[in-house]
Structure formats: C-alpha cells, structure tokens
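>>> have a look at this prediction, sequence included:
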Amino acid sequence: AMWTFDEGTGLPQDSSPNNNHIDQFWCNSPTWTNDSKYGDYALEFDGSSSTCTGARVYDEFNSGVPDAMTAEAWIKLDDMDRWHAIYSHFEDGYFIFRVNNDNKLHLQVYSTSDSWRYVTGSTELVSGVWYHIAATYSSTTDRISVYLNNSVDGNTALPSSYVMTNNDNDNWVGYDNHNG
C-alpha cells in the first residue's frame with residue numbers, strides 16, 4: 001500500500017495498484033491540514049491521552065507473514081515525551097512502528113517462537129521538525145532497523161529462525177489498537 005494522505009477530504013486512497021484503501025477513521029477522526037511537507041494537504045493525528053485518532057485498514061496485504069516489510073512516513077511531532085503510533089501491522093504479522101516516550105524511533109516485531117524483538121533509534125526527535133522515517137524487517141538478513149532522514153538510526157539482529165507471527169487483526173496508521 002502507498003498512502004500519500006494528500007486528498008484533503010474523505011478517506012485516503014491507496015496510490016499503488018493494490019487498492020488497499022483506508023477503510024475507516026477511528027475514534028475521533030484525524031483532521032486534514034495544509035501543514036504538509038509535500039502537497040497541499042496532510043492528516044493530523046491527535047493521539048493525546050484524552051483522545052485517539054487513527055486510520056484503519058481491513059484489507060489483507062499479503063497471503064501470509066512477509067519475509068520483509070518496510071514502513072515509511074514523513075512526520076512532524078507537536079507533543080513530546082509520549083508514545084506516538086506511526087504504523088501498526090497486525091494482519092500478516094506483528095510489526096509496530098512508533099516514536100517512544102524518549103522521543104526516539106522504535107520498532108517491535110513478534111514471533112510466538114522467539115518472543116518480542118525491539119530496536120530503538122539513537123536520535124532524540126524534537127518538536128516542530130519534519131522527519132523522514134522508516135522501519136524495516138527482514139527474515140533474509142535477520143535484522144530489524146529504523147531509519148531517520150535516510151540514515152540508519154538503529155538496528156537489531158534477529159535469530160536466524162525468527163518468523164513474525166500472523167495475528168489476523170487490522171492494520172493501523174496513527175493508532176495502535178493494542179497500545180493506543
């Protein structure tokens with residue numbers, strides 16, 4: 001899926017040929033804003049403790065747990081020192097990408113045979129700055145990594161037997177249905 005979040009109204013559409021469109025805004029809907037890094041519009045997810053916002057995708061992206069996965073986004077944080085959900089992939093494996101309460105990129109993946117594995121970036125993000133971020137999982141290279149502005153900001157080796165567990169749940173942008 002590739003969501004540009006530049007529609008300015010309605011639900012975001014998948015720009016790839018896969019048609020994995022956003023199905024629903026969750027809780028208090030995110031708002032369209034013209035404070036965008038690229039294009040005329042962006043979505044603002046207000047994930048403060050008094051509310052939750054996010055975009056839900058029901059579609060299954062794959063026919064099973066992937067060998068590799070990448071999530072990337074442009075983000076600008078307003079509130080600091082709390083968890084910010086970026087992308088949570090549960091349909092074909094646990095892949096949870098966030099900014100943690102130390103203001104660092106954080107990726108966690110889960111396997112029933114090898115438990116949770118984490119990687120946390122080394123750079124502390126600051127409020128009001130646009131960042132290009134990414135997180136990757138690869139069972140081929142046995143590694144999970146987080147990237148900040150096209151540079152590796154942290155990586156963790158995985159056991160060679162590591163395979164993410166299929167959870168059969170929805171996927172989320174800007175919200176994590178397990179941790180808010």
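On my side now, so go ahead. Residues are numbered from 1 along each chain as shown.

>>> gap between the residue nearest in space to the middle of the chain and Ser115?
Centroid-nearest residue in the chain, with CA atoms, centre = their mean: Tyr87, separated by 1.8 Å. Going from Tyr87 to Ser115 by CB to CB, to the nearest Å gives 21 Å. Every residue, glycine included, has its C-beta placed from N, CA and C.

>>> without its sequence neighbours, what residue ends up closest to Thr9?
Trp32 (6.2 Å; CB to CB, 6 or more residues apart in numbering).

>>> which strands or helices does the helix or strand that contains Glu72 pack on?
Using DSSP states H and E, the element containing Glu72 is strand 68-76. Applying 3 or more CB pairs under 8 Å, 6 or more residues apart in numbering; DSSP states H and E, we find strand 68-76 packed against strand 84-89, strand 94-99, strand 130-138.

>>> switch to 7 Å and redo it
Judged by 3 or more CB pairs under 7 Å, 6 or more residues apart in numbering; DSSP states H and E, strand 68-76 is in contact with strand 84-89, strand 130-138.

>>> which other residues reach it?
Here strand 68-76 makes contact (CB atoms under 7 Å, 6 or more residues apart in numbering) with 37, 86-87, 89, 95, 97, 128-140.

>>> where does pLDDT dip in the protein?
1, 19-29, 46-64, 167-168, 172-180 (pLDDT under 70).

>>> which residues in this structure form strands?
Assigned by DSSP state E, the strands in the chain fall at 24-27, 31-33, 42-44, 53-57, 68-76, 84-89, 94-99, 105-111, 115-120, 130-138, 143-148, 151-157, 171-173.

>>> show me the one of those that comes nearest Asp14.
Among these, the nearest to Asp14 by CB to CB is strand 53-57 (8.7 Å).

>>> residue contacts, Asn150?
By CB under 7 Å, 6+ apart, the contact list for Asn150 reads His132.

>>> repeat the analysis, applying 10 Å as the threshold.
72, 132-134 (CB atoms under 10 Å, 6 or more residues apart in numbering).

>>> out of the strands of the chain, the one nearest Pro17 is which?
Using CB to CB, the nearest of the strands of the chain to Pro17 is strand 53-57, at 15.9 Å.

>>> now the helices and strands packed on strand 68-76 as JSON lines including distance to Asn149?
Compiled in JSON lines, the helices and strands packed on strand 68-76 are given as follows (distance: least, CB to CB, whole Å):
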{"stretch": "strand 84-89", "distance to Asn149": "15"}
{"stretch": "strand 130-138", "distance to Asn149": "5"}
